[in-house]
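# What follows is a predicted structure for the sequence shown.
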Amino acid sequence: MNYYEPYVSELHIVFSETRQRIANFPEPFRQSGLTYLDKFDVFKPDSSKNYICYLLPYWVNETASIPIEQCRSLAIANVFNMLYYFLQDDVMDEAPSAWKEQLALAHLCQAELDAILRELFAADSPFWSYRHKYVNEWAQAVVNEDKHDYFMTDIVKIAKKASPLKLASTGVLLLAEQSELIEQVEKLVDYSLVLLQMADDLSDWEDDLKEGNYNCLLSMIQFKKASAHPLQVLEVKAYIYDRGLLLPYCNRSKEVLDHLFNSLLLINPLLSFSQLIYAGIASYAEQVEQKKKSLLLGGFDYILSNNQKN
């Protein structure tokens, strides 16, 4: 857990200061904002733990060494950035009747994000060009991922839906005057985000199938099926549990992990985090294979015992 435990005290400060900022929102957004933050607060039970979002500036700062106050500000900014984009995602998934408050809250979060970033970066800083780039990547990915089937055609683009979080890593490097490392770090973060998306899609495929969301696992099945007909639940389960689809899926995740470990630039906490994500995918694939073998052996034992009785 070296990607998390060294930074716990900092994360307490990050979430405390984020909570104080949201507490200054006008009503009714003060309470709704705090409630929404609880969904992602790493210290809340049953919350979504978006470690890479909270911790990316600290991870990159292991090699950049900017003052901890600046690093902390980028972490707080990234939390507001995360809230903004998750609220946008919610709007895309919900009925129009829920849009008004969601969009208003999203823009309050964006205003906090902007305020923090303006304190860190001058108006003529290249930071703002990077921000524009990441927003463009997000917009294109959201609209085009299912049209171009990125998982099968250009896997790194799977990560672009989360491109805005790279504001934190790029921000650290610019403040450290290490802009020559930005492109390398972008690639490393992208590969880690691909792994994270593959893990999420492995656990969420049934919901994504029902809701019509793009999903890496379903993309691989559809490709192997070589048919335009929509997938059905039983069909997906057959590919997972009978046809061994998780093995090539796991192999694909290993290829992604190898890109991280073969890089000339190594960010150890990011590697640790990515290794853990891959291990989760591999472990699940292995469990499924072992269960299949046990069921097969059980079937053979049943046949043999019956033959012996006869």
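Arrived safely, thanks for sending. Numbering: from 1, shown residues only.
# Would you mind measuring from A226 to M152?
With distances taken as Cβ to Cβ, to the nearest Å, A226 is found 12 Å from M152. Heads up, the C-betas are built off the backbone N, CA and C, glycines and all.
# between the two, who's got more neighbours?
Set A226 next to M152 and count neighbours by other Cβ atoms under 10 Å: M152 wins out with 14 against 6.
# Secondary structure element holding the spatially closest residue to the more buried one that is not a sequence neighbour?
In space, and not counting its chain neighbours, M152 is closest to F223: 5.1 Å by Cβ to Cβ, 6 or more residues apart in numbering. For F223, the host element (DSSP states H and E) is helix 216-225.
# If you count neighbours, what's buried in stretch 180-191?
For stretch 180-191, the neighbour count (16 or more other Cβ atoms under 10 Å) marks 181-182, 185-191 as buried.
# Quick check: of those, which lies closest to F121?
Closest approach between these and F121, by Cβ to Cβ: I182, at 13.8 Å.
# The closest one touches F127, doesn't it?
No. Counting by Cβ atoms under 8 Å, I182 does not reach F127; the two are 10.3 Å apart.
# residues shared between the contacts of those two?
170, 174 (Cβ atoms under 8 Å, 6 or more residues apart in numbering).
# CA-only coordinates of the helix or strand harbouring P57 in PDB, if you can.
Taking DSSP H and E as the definition, P57 sits inside helix 51-64. Only the C-alpha atoms of helix 51-64 are listed here, as PDB (Å, rounded to 0.1, in the frame of the first residue of the first chain):
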ATOM      1  CA  TYR A  51      -7.000   6.900  -5.200                       C
ATOM      2  CA  ILE A  52      -5.400   8.000  -8.400                       C
ATOM      3  CA  CYS A  53      -7.500  11.200  -8.400                       C
ATOM      4  CA  TYR A  54      -6.600  12.200  -4.800                       C
ATOM      5  CA  LEU A  55      -3.000  11.000  -4.800                       C
ATOM      6  CA  LEU A  56      -1.600  11.600  -8.300                       C
ATOM      7  CA  PRO A  57       0.000  15.000  -7.400                       C
ATOM      8  CA  TYR A  58       1.700  13.400  -4.400                       C
ATOM      9  CA  TRP A  59       2.900  10.400  -6.500                       C
ATOM     10  CA  VAL A  60       4.400  12.700  -9.200                       C
ATOM     11  CA  ASN A  61       5.900  14.900  -6.500                       C
ATOM     12  CA  GLU A  62       8.100  12.000  -5.400                       C
ATOM     13  CA  THR A  63      10.300  12.900  -8.300                       C
ATOM     14  CA  ALA A  64       9.400  16.600  -8.700                       C
END
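# low-confidence ranges in the stretch 51-200 of the chain?
Residues of the stretch 51-200 of the chain that meet the criterion pLDDT under 70 lie in 93-98.
# Repeat the analysis, applying 50 as the threshold.
The stretch 51-200 of the chain contains no residues with pLDDT under 50.
# Same check on the stretch 201-310 of the chain?
Low-confidence segments of the stretch 201-310 of the chain, defined by pLDDT under 50: 300-304, 310.
# Which parts of it are helices?
With helices called from DSSP state H, counting those that start in this stretch, the stretch 201-310 of the chain shows them at 216-225, 233-241, 246-261, 268-309.
# Direction-wise, compare the first one with helix 246-261 and give the angle.
With axes from the mean of the first three to the mean of the last three Cα atoms, to 10 degrees as the criterion, the two stretches helix 216-225 and helix 246-261 enclose an angle of 120 degrees.
# So which elements touch helix 216-225?
Packed against helix 216-225 by the contact rule (3 or more Cβ pairs under 8 Å, 6 or more residues apart in numbering; DSSP states H and E) you find helix 150-153, helix 182-211, helix 233-241, helix 246-261.
# ok, now the second one?
Contact analysis of helix 233-241 by 3+ Cβ pairs under 8 Å, 6+ apart lists helix 182-211, helix 216-225, helix 268-309 as its packing neighbours.
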